[in-house]
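Q: Can you look at this prediction? I've put the sequence above it.
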Amino acid sequence: MKLHADKPTHLNVFTGYGADFVSVNEQRRSGSLVVSPTSVDPWRPASFAELTEADFEALLAFQPEVVLLGTGSRLQFPHPRLSRALMQAQVGVDAMDISAMCRTFNILVAEDRRVIAAVLFE
């Protein structure tokens, strides 16, 4: 699906998504990613099943106020112990499917929020 929205030209936004990819600023990306308003970086876990506490702790380096966890085409919730470091740092964590993650990220970027999207595919 392609997303259309007015976007700030200097910030990352999701412009499309599919079963095994997302498009960030019209560039198709696959594999696990961390997308912030200003960067796109690889992320270690190859799947939801591989998530560890260290994967969530690594997200603190982005200094987010909100982490959107995209879990593929279906919604999956990580065990609370995995995201404990984020919760202790008072960072909101929201798990959602890829389509909801893309839309929510774009809205929060437009509101100038410190958001990151941690993207996983099945």
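A: Perfect, thanks for sending it. Residues are numbered from 1 along each chain as shown.

Q: max-length helix in the protein?
A: Ranked by residue count and defined by DSSP state H, the top helix of the chain is helix 98-110.

Q: check contacts around Ala61.
A: Contact analysis of Ala61 by CB atoms under 8 Å, 6 or more residues apart in numbering lists nothing. Quick note: C-beta positions are derived from backbone N, CA and C, even for glycine.

Q: SS state for it?
A: For Ala61, the assignment made with DSSP: H, G, I helix; E, B strand; the rest coil gives helix.

Q: partner residues bridging the closest residue to Ser36 other than its chain neighbours?
A: Nearest residue to Ser36, sequence neighbours excluded (CB to CB, 6 or more residues apart in numbering): Ile116, at 4.7 Å. Beta-bridge partners for Ile116, by DSSP bridges, are Val67.

Q: if I look at Ile116, how far off is Val93?
A: Counting by CB to CB, to the nearest Å, the gap from Ile116 to Val93 is 10 Å.

Q: do Phe48 as well
A: 14 Å.

Q: sorry, back to before: helices or strands next to the longest helix of the chain in the packing?
A: Helices and strands touching helix 98-110, by 3 or more CB pairs under 8 Å, 6 or more residues apart in numbering; DSSP states H and E, are strand 14-18, strand 66-71, strand 115-120.

Q: Much appreciated, bye for now.
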